[in-house]
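Enquirer: with the sequence up front, the predicted model follows.
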Amino acid sequence: MNLFAEAFRWIVDPSHWTGGPDISGHLLEHLSVSAYCVVIAVAIALPIGVMIGHTGKGRGAAILISNVARALPTLGLLSILILLFGIGLLPITIVLVILAIPPMLAGAYAGVESVDKQTVDAARALGMSELQIIFRVEIPLAAPLLIGGLRACALQVIATLGIASAFAFGGLGIYLINGLATADYTQLLAGAILITVLALIVDGALAVVQRFVVPRGVALGRTDPNGHQKRARAPRPRVLQEGMQS
Amino acid sequence: MIEFCGVSKTYPDGTHAVQDFSLSIPARQITVLVGSSGSGKTTLMRMINRMVEPTSGSIEIDGQDISKAEPVQLRRGIGYVMQNAGLLPHRKVIDNIATVPRLTGVPKSQARTRALELMDTVGLDRALAERYPSQLSGGQQQRVGVARGLAVDPNILLMDEPFSAVDPIVRDELQQEVLRLQSELAKTIVFVSHDIDEAFLLGDQVIVLAQGGEIVQQGTPEEILANPASDFVATFIGADRGKRRLSVSQTQARGDDRVLVDAGGYPVGVIAAPEGRLAVSSASPKSRSVSNKTDQAGDA
Amino acid sequence: MNWVWIGDNLGLIGGRILEHLALTAPPIVIGLVLSIPLGYAASRSRVARSILLSLGGILYTIPSIALLVLVPVILNLAILNPLNLVFALSIYAVAIMVRSAADAFASVPRDVVASAAATGFSGRQRFFEVELPLAIPVLLAGIRVVSVSTVSIASVGALIGIDQLGSFFTDAFQRSFLTEAIVGVVAILLLAALYDIVLSRIGRALMPWNRKQSAVMASPKVSTVPLGGSL
């Protein structure tokens, strides 16, 4: 436990926050690279996932992709891509996007698919166009699961970036790698704490957003005064929860 | 008027939902399609707003072939009320009712004003306007569904087993409500039901369907009751069991009133003795008042 | 691809596969065994459910490289001790399996349990003879996901110097030798598929009453989103 105290002292040491490649610089690097990889992954996976959920076509392929992705070792993928493209941001970005797509895809299709078929049928019978059904009915009702997918996607990226530090990337993982290389356990532990805290904060923030986007009518349905349980509780589908990030 | 001309529907898996179906549905009346599951009744109704496309044949509304119409526009002009109401769970009652007018570009305030009026029309308290569907009872949700179907003042209203999921007492209320609304609004209503009593109660015209959308009999409730076209119809309406034949029970209700029972022995009404005495053997029909709820009790 | 290297190093590859198996099998078993009582408790009480699932969610959020460093400090083990990896993987396995197990027990039809009680099963008999067997399909789906993830994630152990298939990745990077990295990825995918096949066989053997049904319906009805398999 003494090590923890030392690690915390190391983290709050002002000399680690100023000048050159300090904690704030690595944190910013970690966050900004994570953010743009998530944006790319979402831009690819969200429309595809929503269309799969809406049409029901390509569901088998989406499941296959997420199962294979779960088995893909991130470390292996990083080493292969870096050997192919050379050290730099490009191979890391490719790996992060590849690994971030499946959870977002799964969240999007599972979310849209989970919308009550009768509600969609009713919307169509009323004269909503397919686009109106997607944007006014399916996406609002699927929002919690869509954000769930985003959560899993962001966690995956943050965690993988920590490993990328082993391949000459900066980011918060650098303290882990440096700590390991120099047997500096204080720095090692400080790095682990920093990455963990970052992951927990991002995940927590998205969890708050997730709660916030539950449509009011649906949220009320859950705690119906008459005790009728109208909607399942878990906002996160099992498929999202169960992909382990690395 | 809605005209089905030789309409068939075969699903990709080879099921013939409907085969060579022709029917004309008169304007401003209630036509009930009644049949058991597999009779294609819902398929037929969903063809009218192109939720289902016929494999062959054509459907015309007032002489216009609907296959030429744009489906989304067509649906916006036809009211649709479905089982379990099919309300959008993330929208308030008032916004659910105003959905279609909003889709067609009616300004929000105007659509909401109209929605409030419709709540009056279908007998919903305006205080419910800001609630969400999950906060309403089944019967209230169904009224919202009807109000939504009426929102653009459509000529045609399609009702797909709208009351099959509510309890019998609420169902009676809602059925009476439909009759009241129809006497005020005079829409062309196509109503799908599996309940023959509902069909007889609501229908100006009743179409009895067998498997594959085969019309086994069509006519007014009286015509069908008086003259079942086949054994199938007779069985379906319960005539063969003499279910509808009434008799006076030997059991006395109270005082000199007599209980009227059907052939199944279910009490269906009370014969009130006008002067406190009733000679059953020689009672003249004029002196009896049979309670209005024939038959419902027997089938509930 | 350098096939000569593969031919020359079959012994090394085989050894790494065995190391990988030895490091990943215990966490999968531990995850299953611990999740059963925890998941059962979570299916019984809402409070237990929300505590256990939140805890699982938090543990699962910790990035693996960080957890691998935190575990030896907490356990006071040397950082190169393979037990660190087993322990870290077990934490993930339990964190994920608790939710699966809670869902599994919740999926057991209430009326079946009630009728077992009415027939005279004791609480203990009810659990072992009714609830646990009927929870198997969902438990199995969960453990298949866990096994695949565990095999893949174990490779991160190479970064803290614990030898297994992941060591091919760090070696490959240091020596700029692509073949080694590809061998590692392929071996891990094959191992994941092997676990998946073995677990689904075990599942079939444990659920004779499901065999006919699964031939017709392909997948267990309980999970709307298929979890494991199809590798």
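Expert: Yep, it's here.
Enquirer: and residue 107, how many neighbours?
Expert: All of this refers to chain A. 30 (other C-beta atoms under 10 Å in any protein chain shown). C-beta coordinates here come from the backbone N, C-alpha and C atoms, glycine included.
Enquirer: right idea, wrong chain: chain B
Expert: So B:Pro107, with other C-beta under 10 Å, has 10 neighbours.
Enquirer: and the pLDDT at it?
Expert: Predicted confidence (pLDDT) at B:Pro107: the value is 94.
Enquirer: so what's the backbone phi/psi at it?
Expert: phi -60, psi 150 (degrees, to the nearest 10).
Enquirer: swap in C:Ser122?
Expert: Dihedral angles for C:Ser122 - degrees, to the nearest 10 - are phi -80, psi 170.
Enquirer: ok and the residue in the stretch 201-300 of chain B nearest chain A?
Expert: The stretch 201-300 of chain B approaches chain A most closely through B:Gly213 (19.9 Å), counting by C-beta to the nearest C-beta.
Enquirer: shouldn't B:Met51 be in contact with A:Ala125?
Expert: Yes: look at B:Met51 against A:Ala125 with C-beta atoms under 8 Å: they come within range, at 5.7 Å.
Enquirer: in what helix or strand does A:Ala154 lie?
Expert: helix A:139-164 (DSSP states H and E).
Enquirer: okay, now residue 127: neighbour count?
Expert: Since no chain was named, I'll use chain A. 23.
Enquirer: oops, wrong one, chain B.
Expert: Neighbours around B:Ala127, by other C-beta under 10 Å: 8.
Enquirer: likewise for the one 5 residues further on?
Expert: Using other C-beta under 10 Å as the criterion, B:Tyr132 is surrounded by 22 other residues.
Enquirer: got it, and A:Thr93?
Expert: Close neighbours of A:Thr93, defined as other C-beta under 10 Å, add up to 17.
Enquirer: tell me who's in contact with it.
Expert: A:33, A:36-37, A:40 (C-beta atoms under 8 Å, 6 or more residues apart in numbering or on different chains).
Enquirer: likewise B:Arg28?
Expert: B:186-188.
Enquirer: helix, strand or coil for it?
Expert: At B:Arg28 the chain is in coil, as set by DSSP: H, G, I helix; E, B strand; the rest coil.
Enquirer: next one: it from C:Gly120, what distance?
Expert: 65 Å (C-beta to C-beta, to the nearest Å).
Enquirer: over to B:Val122?
Expert: 53 Å.
Enquirer: those two: which is more packed in?
Expert: The neighbour count for B:Val122 versus C:Gly120, taken as other C-beta under 10 Å, is higher for B:Val122 (22 against 8).
Enquirer: chain A versus the residue nearest to C:Ala48 when sequence neighbours are not counted, what's the distance?
Expert: Of all residues not flanking C:Ala48 in the chain, C:Ala41 sits nearest, at 4.6 Å (C-beta to C-beta, 6 or more residues apart in numbering or on different chains). Counting by C-beta to the nearest C-beta, to the nearest Å, the gap between C:Ala41 and chain A amounts to 17 Å.
Enquirer: name the helices or strands packed onto the helix or strand C:Ala41 falls within?
Expert: Under the criterion of DSSP H and E, C:Ala41 resides in helix C:10-44. Using 3 or more C-beta pairs under 8 Å, 6 or more residues apart in numbering or on different chains; DSSP states H and E, the elements in contact with helix C:10-44 are helix C:46-61, helix C:82-106, helix C:132-153, helix C:178-206.
Enquirer: in JSON lines, list those along with distance to A:Val214.
Expert: Converted to JSON lines, those look like this (distance: least, C-beta to C-beta, whole Å):
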{"stretch": "helix C:46-61", "distance to A:Val214": "16"}
{"stretch": "helix C:82-106", "distance to A:Val214": "19"}
{"stretch": "helix C:132-153", "distance to A:Val214": "25"}
{"stretch": "helix C:178-206", "distance to A:Val214": "34"}
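Enquirer: for chain B, what spans make up the helices?
Expert: Using DSSP state H, the helices of chain B run over B:41-48, B:71-76, B:93-97, B:99-103, B:108-121, B:138-149, B:168-185, B:196-202, B:221-226, B:231-237, B:296-299.
Enquirer: and B:Ile196, what is it in contact with?
Expert: B:Ile196 neighbours (C-beta under 8 Å, 6+ apart): B:34, B:236-238.
Enquirer: which one among the residues you listed gets closest to B:Ile207?
Expert: Among the contacts of B:Ile196, B:Val34 lies closest to B:Ile207 (C-beta to C-beta), at 6.9 Å.
Enquirer: tally up the residues packed near that closest one, please.
Expert: B:Val34: 25 neighbours (other C-beta under 10 Å).
Enquirer: and the closest residue to it other than its chain neighbours, how far from chain A?
Expert: Once flanking residues are discounted, B:Val34 sits nearest to B:Ala199: 4.0 Å by C-beta to C-beta, 6+ apart. Plainly put, B:Ala199 is 22 Å away from chain A if you go by C-beta to the nearest C-beta.
Enquirer: next, count neighbours for B:Ala199.
Expert: When neighbours are counted by other C-beta under 10 Å, B:Ala199 registers 26.
Enquirer: just B:Asp125 next, same as before
Expert: 9.
Enquirer: that one contacts B:Leu116, doesn't it?
Expert: No: B:Asp125 lies out of contact with B:Leu116 (C-beta under 8 Å); the separation is 10.8 Å.
Enquirer: ranges for the helices of chain A?
Expert: Counting by DSSP H, the helices of chain A are A:2-12, A:23-55, A:59-71, A:74-85, A:89-114, A:117-126, A:130-132, A:139-164, A:173-181, A:185-212, A:216-222, A:238-241.
Enquirer: re earlier: which entries within the contacts of B:Arg28 meet the buried criterion?
Expert: Taking 16 or more other C-beta atoms under 10 Å in any protein chain shown as the criterion, what is buried in those is B:187-188.
Enquirer: of the contacts of B:Arg28, which belong to strands?
Expert: B:Thr188 (DSSP state E).
Enquirer: shaky segments in chain C?
Expert: Along chain C, the parts satisfying pLDDT under 70 run over C:210-231.
Enquirer: no, scratch that, I was asking about chain A
Expert: In chain A, residues with pLDDT under 70: A:1, A:20, A:220-246.
Enquirer: repeat that with 90
Expert: Within chain A, the set of residues satisfying pLDDT under 90 comprises A:1-22, A:24, A:56, A:59-70, A:87-88, A:166-171, A:180-185, A:214-246.
Enquirer: quick check: bridge partners of B:Lys9?
Expert: Beta-bridge partners recorded for B:Lys9 (DSSP bridges): B:Val18.
Enquirer: residues near it, how many?
Expert: The tally of other residues near B:Lys9 (other C-beta under 10 Å) stands at 23.
Enquirer: isn't it right up against B:Asp20?
Expert: No: contact criterion C-beta under 8 Å: B:Lys9 and B:Asp20 do not qualify, at 10.5 Å.
Enquirer: look up the closest residue to the spatially most central residue of chain C, ignoring the ones flanking it.
Expert: Most central residue of chain C, judged by C-alpha distance to the mean C-alpha position with C-alpha atoms, centre = their mean, is C:Val146 at 2.6 Å. Closest residue to C:Val146 apart from its sequence neighbours, by C-beta to C-beta, 6+ apart: C:Ala93 at 4.9 Å.
Enquirer: show me the shaky parts of the stretch 151-300 of chain B.
Expert: B:152, B:164-167, B:212, B:222, B:224-300.
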